[in-house]
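1. Next comes the sequence, and after it the predicted model I'd like to discuss.
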Amino acid sequence: MALATHGHGHKPLGQTLVDLRKVGKHYGRGDKYTEALRGINLTIREGEFIALLGPSGCGKSTLLRIIAGLIGATEGEVLYRGQPLRGVNPNTTIVFQSFALYPWLTVQENVEAALEPLGIARLERTKRALRLLDHVGLDGFEMAYPRELSGGMRQKVGFARAMAVEPELLCLDEPFSALDVLSAESLRGELMELWLSGTIPTKAILMVSHNIEEAVFMADRLIIMDKNPGHIVAEIQNTLPHPRRRKEKAFLTMVDQIYAQMVGKTRTEAEELGSAPGEPGLTRALPEAPISAISGLVERVNEELTNKIDVYRLADEFVNDYDEILPIIEAAEVIGFANVEAGDLSLTPLGQAFAEGSIQARKEIFAARLRRVPMIRWILSMLKAQPDQRLSWDVFIAALSREFPAEIAERQLDTAVDWARYAELFSYDNSDNALFIEVEQPIAQAIAQPNGAPNDH
C-alpha cells in the first residue's frame, strides 16, 4: 500500500482506523433533553496525531468516550477498521487527567494490572511492564508506591499502563492538565519522542486539550469544535516539522490562526445578545466571566496605543488555558465593550469610556449596557412584576432549567447576579434565597436594616 507523508518528522499515513459518520449524542427527553453532539464526521488514520479543541461543553470528552466505546452514539455510525463498533473498543485505551492508579500496588504492579484481564502469562506481563517503565523514564521506580511519586511520575505510570495493552488508538483526555508547568512540558516531550520514534506500537493518538500551544506542539491535525450542540467547525492541518519550537514565527502564526478560528468574529448586536427564556429564538447563555476579569481585559487592551491587541498575546499574558480567556472575551463582546476580527480584539468607544471612567461612571455604563442583555432584562421584568419586587431563586432556576442543564442554569443565575450587583440593578438575599430589586433608602435606615447578604451560590 502506498503511504502518504506530510512534513519532516511526521509519521506516514496508513489505513483508516476510525470513521465517524453523522454521529450525534443526546441525553434525556422532554424538558430534560440535552443534545451533546450533532453531525460529527471524523476520520482517523494510522500515523495521525489529532487534537480536539473547543470551549467547555462542546462535547470533546464525550466524543472521545464514543470512539473508545465507553458510551454509545445516539445516532449516526461509528466504524472501527470498517466494522460497526459494538461496546468497548478493545483496540483503544484512554489516559485521563487524573492519575487513577491503585495506591496499594507498586508502580510495576499498576502496569501489570492492565495486562492481567488479557490473559497474558505472568512472565510476559512482567517483561512488558519493565520495558514500558524503562521507555517512560521510570527505570528504578518499579517497586515504589504511587504516594512516593510526583504528579508527573504518577502520570508516566498512567501512560505506561495505557500503552501496556498495546492499543492501536491511544486516547488522551487532557492528560497534562493536572500537572505543574515543568512536569507537563517534560512529559509532552517524552511522549512525542516515543511516538515519533515508533518505540510504542500505537498506530494513532487522539488528544483532548485545553491548551492551544500544546496542541500545535504535538498534533498533526487540529479539530476545532463549538457548542450548543457540539459540532466540528474547522479542521486545520499542522505541517510544521518536528521538533517544533514555540518561539519560531511559523509556530506562533499557527497558534494565532487557531485562536482566530476559535474566537471567531463579533456578530451583529442582535445575534450577540440572542433572546431570553420564553422568547422566540435561542436563549443566549451569559459567558461565565467575573466583573474583575472583564474590567482587567478592557483595561489591558486600553493600554495599547491602537486600542487593539492580538488575542493570542492576550491569552498568553492572562492564562495558558483558552477555556479561561474565551468567556471573558465573549462577555466583553456581549456587553458591547469589544469587537473581535481576524484574531484581533479591539475596544469599542464604549469600552474605552469604561476603561477610563471613574468607579461610578463605570457602574453606570455597565448598567446601561446590561439592561440590553436579554437574560438580565428578563430577570428585571420578572422582579418588577412582583408587588415587593422580590422573587425566589428557585423560580428562576425552574425557568432556566428548561433552557439549560441544571448545573449550567445555576451558574447562569450566579453570573447574572454577579453582573447585576455590580451594576446595582438587582441583588440576592441569602436569608430567604431570593432575588430582589434594591430600593434606595436613607443611609441611617440602610444601616439599621441591611438588605441582602453575600451570594453563597
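-> Great, that's in hand.
2. Tell me how many other residues surround the nearest residue to Lys156 once chain neighbours are set aside.
-> With CB to CB, 6 or more residues apart in numbering as the measure, Val136 is the residue that lies nearest to Lys156, at 4.5 Å, once sequence neighbours are left out. Bear in mind the C-beta positions are built from the backbone N, C-alpha and C, glycine included. Neighbour count of Val136, defined by other CB atoms under 10 Å: 23.
3. you'd agree Val136 is up against Ser186?
-> No: between Val136 and Ser186 no contact is recorded; they are 11.0 Å apart, counting by CB atoms under 8 Å.
4. In contact with Thr16: list those residues for me.
-> Thr43, Ile44, Arg45, Glu46, Arg81, Gly82 (CB atoms under 8 Å, 6 or more residues apart in numbering).
5. Let's see that with 7 Å instead.
-> Neighbouring residues of Thr16 by CB atoms under 7 Å, 6 or more residues apart in numbering: Thr43, Arg45.
6. so what's it bridging to?
-> Going by DSSP bridges, Thr16 is paired in beta bridges with Arg45.
7. Equivalent analysis for the one 5 residues further on, please.
-> Taking DSSP bridges, one obtains Glu77 as the residues bridged to Arg21.
8. sec struct for Glu35, please.
-> Under DSSP: H, G, I helix; E, B strand; the rest coil, Glu35 falls in the strand class.
9. Make sure I have this right: Val88 is in a strand.
-> No: per three-state DSSP, Val88 lies outside any strand segment and is coil.
10. so how far is Leu191 from the residue lying closest to Phe251 once chain neighbours are set aside?
-> In this structure, Phe251 finds its nearest non-sequential neighbour in Arg244, 5.8 Å apart by CB to CB, 6+ apart. From Arg244 over to Leu191 the distance is 13 Å, taken as CB to CB, to the nearest Å.
11. neighbour count winner among the two?
-> Comparing Arg244 with Leu191 by other CB under 10 Å, the one with more neighbours is Leu191, at 24 against 17.
12. Okay, now the unreliable bits of the stretch 51-200 of the chain?
-> Counting by pLDDT under 70, the stretch 51-200 of the chain has low-confidence residues at 99.
13. Run through the helices of it in chain order.
-> Secondary structure of the stretch 51-200 of the chain (DSSP state H, counting those that start in this stretch): helices located at 60-68, 107-113, 122-135, 151-164, 181-197.
14. Of those, give the one that comes closest to Trp393.
-> In this view, the helices of the stretch 51-200 of the chain are compared for proximity to Trp393 by CB to CB, and helix 60-68 is the closest at 29.7 Å.
15. now for that closest one, which elements pack on it?
-> Contact partners of helix 60-68 among helices and strands, from 3 or more CB pairs under 7 Å, 6 or more residues apart in numbering; DSSP states H and E: strand 16-27, strand 34-45, strand 92-95, strand 169-173, strand 204-208.
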